[in-house]
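*Asks:* Give me a model of this one.
(one chain, ligands or ions: 1)
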Amino acid sequence: MTQSLGAIAVSRCDLFKQPPYSEAAGALTRRFLTPAHKAALERLTGWMREAGMSTRLDAAGTLIGRYEGTGAATVLIGSHIDSVRDAGAYDGALGVMLGLGVVEDLARQGKRLPFAIEILAFGDEEGSRFHASMTGSRYRAGTLTGDPTTLLDEDGISMGEAMRGFGLDPAALCQPPPRGDVRLYLEAHIEQGPVLQAENLPLGIVTGIAAQTRLAVTLIGMANHAGTTPMGLRRDALAAAAEAVLLVERIATREGIVGTVGALSVAPGVGNVIPGLVSFSVDLRAPLAGPRDAAEQEFRDGLAALCARRGIGQEVKTVQQLAPCLCDETAQRLLAESIAAQGGRPFALASGAGHDAMSMAALCPVAMLFIRCRDGVSHNPAEHVTPEDVDAAARVMLGFLERLAAR
Ligand SMILES: [Zn+2]
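*Replies:* As a prediction, the model looks like this:
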């Protein structure tokens, strides 16, 4: 019996959990420009060629497999092939495997569409090695600003050095690729949230991706003896940070806004010394830029006030600011029609997580299809999808392409 498209995509993701496609055995870690990334691209290249695709690697390490059509336009289908540390098998990789499976199905039928299809496997969405996320999609969309090649990984290796080791020319990264006649970018991705499971649905049509701001906050107090410094004479940076964390939580109680302090470090970090220096992250997201910006301003004002009251110095740096991305309405309708044609119930939802589609929106209309994942868990080895759900996604993607071709 031949395997379903869903089962094949899932088994390929499962294969990629282990070395050489993971940096270590027993846990999946596949960071940008590592030997594991290289091995994954080599295997993908093999599959793409077997399906009659031509392949190339762009300056940002994105593997592109091209399946020719009868017309000049191109439809892009992609996601990322890199992972966080100790990751799940499906975040990103599943979207790449689904794109590949869809083309394999067309190739088996000897079917050519009025547009070429390019499958994109972005190498750096997560930013788990150099802390510059979405390098691949931002390069492709021509919106890569600054020079990420000087960024260092934890071993002190620069992105430029790693690129050379990978056979890439770091200087080429400042030269955006030709835009080309791109009609649309489609990304299938696990939901990374619990909504579809709660709705008892395998698939969701993404309406848009939340606006996001990431801040790096440093609070400067005065380290001093924990025994001899009276409470009224202290400048405790950690006590101020604790107030700031609760401020973020309070701001995020407003409709549609989510706020998180996910990293915090204390110096000197000794039990009998008053904390003199604290740095922490703030992540604020909202469906639209306006409420997100209002939340950021409220945080900055509140932080300034509490630091003034406590005699604490403060510095707030914007690490990343991502505009919200709205998915193409026509594409959403075509996805809904394809889901209905498979006997499913079209269901729309917004994405709180960032995706390559966000960056690609600067290049062309974008569409996203979410796949139910068990308990909404991601960035965790427990990440799980069923072959049946993934197969439904493959069928909907094929139906979507047919509808797009008929327009
Ligand atoms: Zn992802």
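
*Asks:* Now for the most centrally placed residue in the chain: which residues touch it?
*Replies:* Centrality entry for the chain: nearest residue to the mean C-alpha point is residue 355, 3.8 Å, by C-alpha atoms, centre = their mean. Residue 355 makes contact with 79, 125, 187, 189, 209, 368, according to C-beta atoms under 8 Å, 6 or more residues apart in numbering. C-betas here are computed from N, CA, C, even on glycine.

*Asks:* Need the nearest residue in space to residue 148, chain neighbours excluded.
*Replies:* Excluding its sequence neighbours, the residue lying closest to residue 148 (C-beta to C-beta, 6 or more residues apart in numbering) is residue 132, at 4.2 Å.

*Asks:* hmm, back to that, distance to the ion and neighbour count added to the contacts of residue 355, as CSV?
*Replies:* Below are the contacts of residue 355 laid out as CSV (distance: C-beta to the ion, whole Å; neighbours: other C-beta atoms under 10 Å):
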residue, distance to the ion, neighbour count
79, 7, 29
125, 6, 27
187, 9, 29
189, 6, 26
209, 11, 26
368, 11, 29
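
*Asks:* From residue 209, how far out is the residue nearest to residue 148?
*Replies:* Remark: distance between residue 132 and residue 209 (C-beta to C-beta, to the nearest Å) = 18 Å.

*Asks:* near the ion, which residues of this structure?
*Replies:* 91, 92 (C-beta under 5 Å from the ion).

*Asks:* Tell me which stretches of the chain form helices.
*Replies:* 5-15, 35-50, 93-108, 135-141, 159-165, 195-199, 237-251, 289-310, 329-341, 356-360, 387-406 (DSSP state H).

*Asks:* Between those, which one is closest to residue 150.
*Replies:* helix 159-165 (6.7 Å; C-beta to C-beta).

*Asks:* That closest one: which residues count as buried?
*Replies:* 159, 160, 161, 162, 163 (16 or more other C-beta atoms under 10 Å).

*Asks:* Isn't the first one up against residue 147?
*Replies:* Spelled out, that is residue 159. No: with contact defined as C-beta atoms under 8 Å, residue 159 and residue 147 do not form a contacting pair (9.1 Å).

*Asks:* which residues are in contact with stretch 191-206?
*Replies:* Against stretch 191-206 from outside (C-beta under 8 Å, 6+ apart): 91, 327, 332, 335-336, 339, 344-353, 357, 367-376, 378-379, 386, 388-389, 392-393, 396.

*Asks:* go on, stretch 232-245?
*Replies:* Residues contacting stretch 232-245 (C-beta under 8 Å, 6+ apart): 217, 219-222, 224, 261, 264, 266, 274-278, 280, 299, 302-303, 306-307, 310-312.

*Asks:* What of stretch 255-266?
*Replies:* Contacts for stretch 255-266 (C-beta under 8 Å, 6+ apart): 210, 237-238, 241, 244-245, 248-249, 251-252, 275, 277-288, 291-292, 295, 299, 352.

*Asks:* what's the answer for stretch 45-58, then?
*Replies:* By C-beta under 8 Å, 6+ apart, stretch 45-58 touches 12, 41, 63-68, 100, 103-104, 107, 119, 136, 139-140, 167-168, 177.

*Asks:* Could the C-alpha coordinates of it be exported in CSV?
*Replies:* This file holds the C-alpha atoms of stretch 45-58, laid out as CSV (Å, rounded to 0.1, in the frame of the first residue of the first chain):
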residue,chain,number,x,y,z
THR,A,45,18.0,18.3,-2.5
GLY,A,46,18.0,14.6,-3.3
TRP,A,47,14.2,14.4,-2.8
MET,A,48,13.6,17.5,-4.9
ARG,A,49,15.7,16.3,-7.8
GLU,A,50,13.9,12.9,-7.7
ALA,A,51,10.7,14.9,-8.1
GLY,A,52,12.0,16.6,-11.2
MET,A,53,12.9,19.9,-9.5
SER,A,54,15.9,22.0,-10.2
THR,A,55,17.7,23.1,-7.0
ARG,A,56,19.8,26.0,-5.9
LEU,A,57,21.0,27.6,-2.7
ASP,A,58,20.6,31.3,-2.3
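
*Asks:* show me where pLDDT drops low in this structure?
*Replies:* 1 (pLDDT under 70).

*Asks:* Show me the domain layout of it.
*Replies:* Residue ranges for the structural domains of the chain, counted by automatic domain parsing, are given in the record as 5-208+324-406, 211-322.

*Asks:* Show me which of the ones you listed has the highest average neighbour count.
*Replies:* Counting by mean count of other C-beta atoms under 10 Å, domain 5-208+324-406 has the highest mean neighbour count of the domains of the chain, with a mean of 20.

*Asks:* what's the first-to-last distance across that one?
*Replies:* 23 Å (C-alpha to C-alpha, to the nearest Å).

*Asks:* likewise stretch 273-293?
*Replies:* Taking C-alpha to C-alpha, stretch 273-293 runs 37 Å from one end to the other.

*Asks:* sorry, back to before: can you list the helices of the chain in TSV and add distance to residue 229?
*Replies:* Shown next, in TSV, are the helices of the chain (distance: least, C-beta to C-beta, whole Å):
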stretch	distance to residue 229
helix 5-15	55
helix 35-50	50
helix 93-108	53
helix 135-141	46
helix 159-165	44
helix 195-199	49
helix 237-251	13
helix 289-310	14
helix 329-341	60
helix 356-360	47
helix 387-406	58
